[in-house]
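Fold the following, please.
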Amino acid sequence: MKQRGFNLIELMIGMVIGLFIMAGVINLFISNRQTFQSNQGIFQIQESMRMAFEILSRDLRHTGFTPCGNNGNRVANVLNPMPANGNLLTWVGGLRGADGDTAITPVVTGTGTGQRVAGTSAVLVQGVEGSDRTVQMHTTTGTPRFTLFPDASTNFAAGDILMVCDTQQATIFQTSQVTANEIRYVINGGFTPGNCQVALGALGGCAATPSYLAFNPNANITRFMSAIWYVGNNGRPEDGGRSLFRARVNNNGQVITEEIVAGVSNLNLSYHRGNTTTWDSANTIETANAWNGVNALRLQMTLISAEKNVSTDRSINDGRLQRSFTQIIALRNRI
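Numbering: from 1, shown residues only. Below you'll find the predicted structure:
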């Protein structure tokens, strides 16, 4: 039997069919890859959202909190003034917000890495953090010091900025020397900012006439927390360019800027007061001098994916996915 191969027409038909099959396989591959990248982008946004809300909410819930339950209404501050640090080392009642058009020192608004993005909200949160220790005795003569009950070792260190409180009031001061069960403090003390005086009773701060106060036994001492939260430039265009930042002061008086969560592109805050039914801007609260009446915050946060070209609209943010989330945070010690 005589054998014969494919003719030209049969070869062309076979090639066309093969091209159709290859095109289908390629389209399926591209579609699966696009779906995978989109799912990865959504997962990253959701994880970043969870972390951002969790960490920020933790600070906000402790706004103005002192372990002694006086809600921060009577707080003295004997730290030396440091204008360059803005409100970070000045007790402002626990909470101050700034709308997108309002400055909040010492955070700088600009395009540099770590600088605040113009048009985004920021908030200053103050309170205490970490575990507290109980005072056995407060000595105000000689070298002033707090003697703690020897029930556990302290994690405090020389130069730490602490808050001591009892039912009378609370006072913010800086340590000069710390041993296992003793905390000493002096004027200045070799650290920045240092104390302007050792009379801890002056609610006016560095008053011309010192007001000495001996805290009662069983007073509490805790590390003072003061931080500004804002959206800033992270210097990484390939990662979306923006992150959630926190600015705080270390025990050398220097402002530390920390990147907390990448991919946060916008933050808008509004505030609720107990005697209203509305959510107000920071400017409205400031004009009314009503920060002490704020009992909840509404956070509206926008996040973008690090992965590019995964959105159907590729003309925005290099095709990154974008999602906005809203959460209400109650200030637990003001409810």
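
number of nearby residues for Val198?
Counted with other CB atoms under 10 Å, residues neighbouring Val198 total 18. In this view, the C-beta of every residue, glycine as well, is placed from N, C-alpha and C.

isn't Asn195 right next to Gly189, touching?
Yes - contact criterion CB atoms under 8 Å: Asn195 and Gly189 qualify, at 6.2 Å.

The two: who's more crowded?
The residue with more neighbours, out of Asn195 and Gly189, is Asn195; 25 against 19, by other CB under 10 Å.

Run through the stretch 51-200 of the chain and note the low-pLDDT ranges.
Along the stretch 51-200 of the chain, segments meeting pLDDT under 70 span 69-73, 152-153.

could you list every residue that touches Thr109?
Counting by CB atoms under 8 Å, 6 or more residues apart in numbering, Thr109 touches Ala103, Gln115, Arg116, Val117, Ala118.

who's it bridged to?
Legend: beta-bridge partners of Thr109 under DSSP bridges are Arg116.

need the contact list for Asn77.
Counting by CB under 8 Å, 6+ apart, Asn77 has contacts Leu89, Thr90, Trp91, Thr171, Ile172, Gly205.

Make JSON lines out of these and add neighbour count, secondary structure and distance to Leu299.
Below are the contacts of Asn77 laid out as JSON lines (neighbours: other CB atoms under 10 Å; DSSP: H, G, I helix; E, B strand; the rest coil; distance: CB to CB, whole Å):
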{"residue": "Leu89", "neighbour count": "24", "secondary structure": "coil", "distance to Leu299": "25"}
{"residue": "Thr90", "neighbour count": "18", "secondary structure": "coil", "distance to Leu299": "24"}
{"residue": "Trp91", "neighbour count": "21", "secondary structure": "coil", "distance to Leu299": "24"}
{"residue": "Thr171", "neighbour count": "24", "secondary structure": "strand", "distance to Leu299": "31"}
{"residue": "Ile172", "neighbour count": "24", "secondary structure": "strand", "distance to Leu299": "27"}
{"residue": "Gly205", "neighbour count": "17", "secondary structure": "coil", "distance to Leu299": "32"}
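
circling back: what sits in contact with each of Asn195 and Gly189?
Common neighbours of Asn195 and Gly189 (CB under 8 Å, 6+ apart) are Gln174.

Next, Gln44: secondary structure please.
At Gln44 the chain is in helix, as set by DSSP: H, G, I helix; E, B strand; the rest coil.

Not counting sequence-adjacent ones, nearest residue to it?
Ser305 (5.5 Å; CB to CB, 6 or more residues apart in numbering).

Would you check that that neighbour makes contact with Asp239?
No - in this structure, Ser305 is not within contact of Asp239 by CB under 8 Å, at 9.8 Å.

So between the two, which is more surrounded?
Per other CB under 10 Å, whichever of Ser305 and Asp239 has more neighbours is Ser305, with 25 against 15.

how near is that one to Gln46?
The gap separating Ser305 from Gln46 is 10 Å, by CB to CB, to the nearest Å.

sorry, back to before: hey, what's in contact with both of Ser305 and Asp239?
Listed as contacting both Ser305 and Asp239 by CB under 8 Å, 6+ apart are Gly263.

just to revisit the earlier point, quick one, what contacts the residue nearest to Gln44?
Residues near Ser305 by CB under 8 Å, 6+ apart: Gln40, Gly41, Ile42, Gln44, Ile45, Gly240, Gly263, Arg320, Leu321, Gln322.

try Ile221
With contact taken as CB under 8 Å, 6+ apart, Ile221 is in contact with Asp132, Arg133, Thr134, Val135, Phe146, Leu148, Phe156, Leu162, Met163, Val164, Ile183.

So for stretch 222-235, mean pLDDT?
For stretch 222-235, the mean per-residue pLDDT is 94.

which stretches of this structure form helices?
8-61, 282-287 (DSSP state H).

returning to that earlier point: tell me the confidence at the residue nearest to Gln44?
On the pLDDT scale, Ser305 is placed at 83.

how close does it get to Val231?
16 Å.

do Val178 as well
Remark: distance between Val178 and Val231 (CB to CB) = 36 Å.

Of those two, which one has the most company?
Per other CB under 10 Å, whichever of Val178 and Val231 has more neighbours is Val231, with 24 against 21.

which non-adjacent residue is nearest that one?
Val231 sits nearest to Thr120 (CB to CB, 6+ apart), 4.3 Å away.

Phi first, then psi, for the one you found.
phi -110, psi 150 (degrees, to the nearest 10).

what residues are up against it?
With CB under 8 Å, 6+ apart, Thr120 has these contacts: Gly100, Tyr230, Val231, Asn266, Leu267, Asn268.

and Ala199, what is it in contact with?
For Ala199, the contact set (CB under 8 Å, 6+ apart) comprises Val78, Ala207, Pro210, Ser211, Tyr212, Leu213.

could you redo the last one with a cut-off of 10 Å?
Going by CB atoms under 10 Å, 6 or more residues apart in numbering, Ala199 touches Ala76, Val78, Thr140, Pro144, Thr171, Cys206, Ala207, Thr209, Pro210, Ser211, Tyr212, Leu213.
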